[in-house]
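Engineer: Next comes the sequence, and after it the predicted model I'd like to discuss.
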Amino acid sequence: MRRFWLAVAAPALALVFAVAVTTIILQVSGHAPLQAYKDMWDYGTQPDSLVLTFNLSTTYYVAAVAVAIGFKMNLFNIGVDGQYRLAALFAAYVGGTINLPAPLHVAVILLVAMLVGALWAGVAAVLKNRRGVSEVISTIMLNYVATGILAYLLAEGRFGVLAQGSNNIGTPPIPASGQVPGIEVANLPGPFHGATSAIYGMVVVAVVVGVGYWWLLNRTRFGFDLRASGLSPTAATASGVDAKRMVLYVMLLSGAVAGLIGMPQLLGEAHTYNLDFPAGLGFTGIAIALLGRNSPVGIVFGALLWAFLDVSRQILDLEGVSKEIVTIMQGIAVLSVVIAYEVVRRYGIRAQQREVGRQLGTDEPVLVEAGA
Amino acid sequence: MVQLTGITKTFPGVRANYDIDIAVRRGTVHAIVGENGAGKSTLMKTLYGMHRPDSGTIAIDGKAVTLRSPSDAIALGVGMVHQHFQLADNFTVLENVILGDEPTAGGVIKLADARARIEKIGRDYRLSVDPDALVEDIGVGDRQRVEIIKVLFRGARTIILDEPTAVLVPQEVEQLFSALAELKREGLTVIFISHKLDEVLSVADEITVIRGGTTVATVLPSEVTARQLAELMVGSELPSPETRESTVTDVEVLGVEALSLVNDAGRVLLENIDLTIHKGEVVGIAGVEGNGQAELVETIMGMHTPTSGAVRLESEDITGWSTRRRREAGVGYIPEDRTRHGLLLEAPLWENRILGHQTQRPNAKGVLVDRKGAKADTQRIVEEYDVRTPSIDVMANALSGGNQQKLIVGREMSGNPRLLIAAHPTRGVDVGAQAAIWDLIRQARAAGLGVLLISADLDELIGLSDRIKVLLRGRLVADADPRTVTPEQLGSAMTGAGGGES
């Protein structure tokens, strides 16, 4: 029970702090903070906003898990951003040029996405293992390279075709057999009742990713090696973990999941990769992974919160408040949650040492009652 | 005169010191003895201003003082030489001595002045070290002298030495003691922390014994024997590391042949090592730290790839095997630094049971972790090896060093190992756990394991080993028979001064 409260305490503290700072900023800049929050809440809890929040959080969740897989062994895959964009482009192109029966078509698209994401991440792993290049540097650089490749490939005569009636260039549209229909929720009772839009069918993939991530970490030998490498690289090596092989596998895995980030959007809504395709999700994923402390469950809440803030802040501009105030709030929340987790972690260690001391107090004379 | 009265210091959950009363007379060597974890270091940190006591007073020359930081202590003439040297390797002796307390004129360091003062200190107290030598080039004994000079340079009149002989060989200990005598003659006070009783008896004017966080007695060395002192320290009968009748067989478990290891920079770390361990045999490796012990162990464990030579486990050539494969083949490993190599500190005990045995039963079923099996077996280890813990779900860092080590020993003895590599198995553990670990190593030997034992504790090495080999600068330079060799002879061989039997 205490472990549960300790886990919840840090993000709660961070959030309270972030809201407090945002309140002060709103107050100082001459806005009524409570009114702004109320506007956000009212707008954010409308059925259509909630569907939007839910869909956005599906994408965010996959992004955060992709990052978290690396973080768990202190491998910083900052290149998730480039990996998912490149993966989405190739997947969209393949999906738009082939024609297969429905389930197979979707499967091929997903497979291509994962493969491209994994390969792009694998470059950083090989550089690290062979040449000792820090994955932080190489993945950041590979993001730029990915942007360059995207710009080159997304042109007429290569992967791109001009959309009808506009000058937006995109990949050939994916036919119906490669699309994943949305889940209609308008007639369901509950918060979504009356919504005009549908929930991404790809939410299933996010659930599979989440459960798979949890299972891999906590139930498999591979997951044990991964966590051991993160907790103590030296102890992991002494226990027989091959550090280089681990870097390669984890990087490939992180990249493969990264490849899925663009899929809800691609298969559920856009059906083409064009210049409007969302960018920067990899960095949002880093923030949410930090917020959810790399935990498969924590990230669910992180993703939902982040998406809710992203959606509900749209109303602020209409009310004369700059919506960037919410970006400040998100930033402060991430910064303070990192600190809060560390504080809570140390408190937890001390509390347990005290607890163990008290329980063994009878035969160890140096240990006394807590708080003495 | 340094007087500590009623000092109490608690950390969360641990009362490290309470009701400490010590009076140290000027111009004497006052030893403070106690087993590991008795609270000696905490006490000295209090006296050096590294933390403040919860209650009690410190008086220096009759005046009560409040020490907020080490600089307060230094200003009052109290200096400390830590057990782990705090020197910059890439600086010269001179630079290290003045570091943090540079005599300057208009922002420029007065090097000539500093050199003159260091040379004067060297002459006055017979602490000669070349001021221009790089610290990385000088030996352990010299480094310690640099630390002492550093303290004297800052005007200390009372010097605290925390376990100063732990890193020294017997000959260097002699040199240290003659330096201490010189300091005493000049009217300085030395507080000498140790758990090596022979040394304490030969160097101290007075001895205070600490047990379980408090002072239990102050005695004169002329009035006690080492055994009485030890019993004061432990509060009961003494364990001894001695092994009785031989269980050595002629079946080879480990064979190391012409093993060499050269690092990337071209430095030779191990050279032409030949070593055989039989079933039921403990082979001890003696050597001053940094002479290749860690590299030898890590090469046998497969963590380094040897430059040449071969390693055999029974009849199999395992030279090219990964660490995991070696462990699966029955090599148990008690690493030198348990917090770095032996444990996941922020993981529960049952996960630490899995560490190093991830692929073996009862921890694994196929590619999955067998949580139930691992937990049940952790419970067994906790009971069989007397690991004091309220549950197997607590984090490893909630346990004391001795209990952590017992868990590691229990883990490494599980799954029928053939070879046990034990590097400093009793380092930093209390006397009770030490005796238990010695017993376990003896049991392992009796059960027919081959044991490679690395230890800096020469009594432990002599007491447990069937054969001792001396490692010096990466080479096995001498053999010694533990039935006849003395720590002094072993010490000579360890420094290359001859001795031992070949």
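Structural biologist: Arrived safely, thanks for sending. Numbers count the residues shown, from 1 in each chain, chains lettered A, B, ... in the order given.
Engineer: lowest-pLDDT helix or strand in chain A?
Structural biologist: strand A:161-162 (a mean of 80; mean pLDDT, DSSP states H and E).
Engineer: So what's the gap between the very next helix or strand once past that strand and the chain middle?
Structural biologist: Sequence order places strand A:169-170 as the next helix or strand after strand A:161-162, per DSSP states H and E. Its chain's C-alpha centre and that of strand A:169-170 lie 26 Å apart, by C-alpha atoms, centre = their mean, to the nearest Å.
Engineer: How about the contacts made by whatever residue of the stretch 151-300 of chain A ends up closest to chain B?
Structural biologist: Ranking the residues of the stretch 151-300 of chain A by distance to chain B (C-beta to the nearest C-beta) places A:Gly240 first, at 3.1 Å. (C-beta placed from N, C-alpha, C; glycine too.) Taking C-beta atoms under 8 Å, 6 or more residues apart in numbering or on different chains, we find A:Gly240 in contact with B:322-328, B:356, B:358-359.
Engineer: low-confidence ranges in the chain?
Structural biologist: Defaulting to chain A. Applying pLDDT under 70 to chain A flags residues A:1-3, A:360-372.
Engineer: my bad, chain B
Structural biologist: Chain B contains residues with pLDDT under 70 at B:11-14, B:36-37, B:234-244, B:496-502.
Engineer: residue furthest from the geometric center of it?
Structural biologist: Largest separation from the mean C-alpha position in chain B: B:Gly106, at 43.8 Å (C-alpha atoms, centre = their mean).
Engineer: What does whichever residue of the stretch 401-502 of chain B sits closest to chain A show for phi and psi?
Structural biologist: When scored by C-beta to the nearest C-beta, the stretch 401-502 of chain B has B:Asn403 as its residue closest to chain A, at 9.0 Å. Main-chain dihedrals, B:Asn403, degrees, to the nearest 10: phi -70, psi -40.
Engineer: residue ranges of the strands in the stretch 1-150 of chain A, please?
Structural biologist: Counting by DSSP state E, counting those that start in this stretch, one finds no strands in the stretch 1-150 of chain A.
Engineer: Give me the three-state assignment for B:Ala433.
Structural biologist: Classification of B:Ala433 using DSSP: H, G, I helix; E, B strand; the rest coil returns helix.
Engineer: show me what contacts it?
Structural biologist: Here B:Ala433 is in contact with B:401-403, B:405-406, B:426 (C-beta under 8 Å, 6+ apart).
Engineer: just B:Val311 next, same as before
Structural biologist: Going by C-beta under 8 Å, 6+ apart, B:Val311 touches B:254-257, B:259, B:299-300, B:317-319.
Engineer: Now the buried members of those residues.
Structural biologist: Burial by neighbour count, judged by 16 or more other C-beta atoms under 10 Å in any protein chain shown, picks out B:254-257, B:259, B:299-300, B:318-319 from those.
Engineer: Any chance of these in JSON lines with secondary structure and distance to chain A as columns?
Structural biologist: Shown next, in JSON lines, are the buried ones among the contacts of B:Val311 (DSSP: H, G, I helix; E, B strand; the rest coil; distance: C-beta to the nearest C-beta, whole Å):
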{"residue": "B:Leu254", "secondary structure": "strand", "distance to chain A": "18"}
{"residue": "B:Gly255", "secondary structure": "strand", "distance to chain A": "21"}
{"residue": "B:Val256", "secondary structure": "strand", "distance to chain A": "19"}
{"residue": "B:Glu257", "secondary structure": "strand", "distance to chain A": "23"}
{"residue": "B:Leu259", "secondary structure": "strand", "distance to chain A": "19"}
{"residue": "B:Thr299", "secondary structure": "helix", "distance to chain A": "13"}
{"residue": "B:Ile300", "secondary structure": "helix", "distance to chain A": "12"}
{"residue": "B:Ile318", "secondary structure": "coil", "distance to chain A": "13"}
{"residue": "B:Thr319", "secondary structure": "coil", "distance to chain A": "16"}
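Engineer: Between the residues you listed, which sits nearest B:Asp439?
Structural biologist: B:Leu254 (22.6 Å; C-beta to C-beta).
Engineer: For B:Leu4, which three-state class applies?
Structural biologist: strand.
Engineer: which SS class is A:Gly240?
Structural biologist: Assigned with three-state DSSP, A:Gly240 falls in the coil class.
Engineer: oh, I was asking about B:Ile207
Structural biologist: B:Ile207, by the three-state scheme (three-state DSSP), is strand.
Engineer: need the contact list for it.
Structural biologist: Taking C-beta under 8 Å, 6+ apart, we find B:Ile207 in contact with B:30-33, B:200-201, B:218-221, B:224, B:229.
Engineer: Kindly report the same for B:Ala88.
Structural biologist: Contacts of B:Ala88 (C-beta under 8 Å, 6+ apart): B:95-96, B:99, B:135.
Engineer: okay, which residue is most central for the chain?
Structural biologist: Using chain A. So for chain A, C-alpha atoms, centre = their mean, it's A:Ala64, sitting 1.9 Å from the centre.
Engineer: try chain B instead
Structural biologist: Central residue of chain B (C-alpha atoms, centre = their mean): B:Arg427, 5.3 Å from the mean position.
Engineer: and the helix or strand harbouring A:Val247, what other elements does it pack with?
Structural biologist: Element membership of A:Val247, judged by DSSP H and E, is helix A:243-260. On a contact count with 3 or more C-beta pairs under 8 Å, 6 or more residues apart in numbering or on different chains; DSSP states H and E, helix A:243-260 meets helix A:47-71, helix A:80-97, helix A:102-131, helix A:203-219, helix A:221-231, helix A:233-238.
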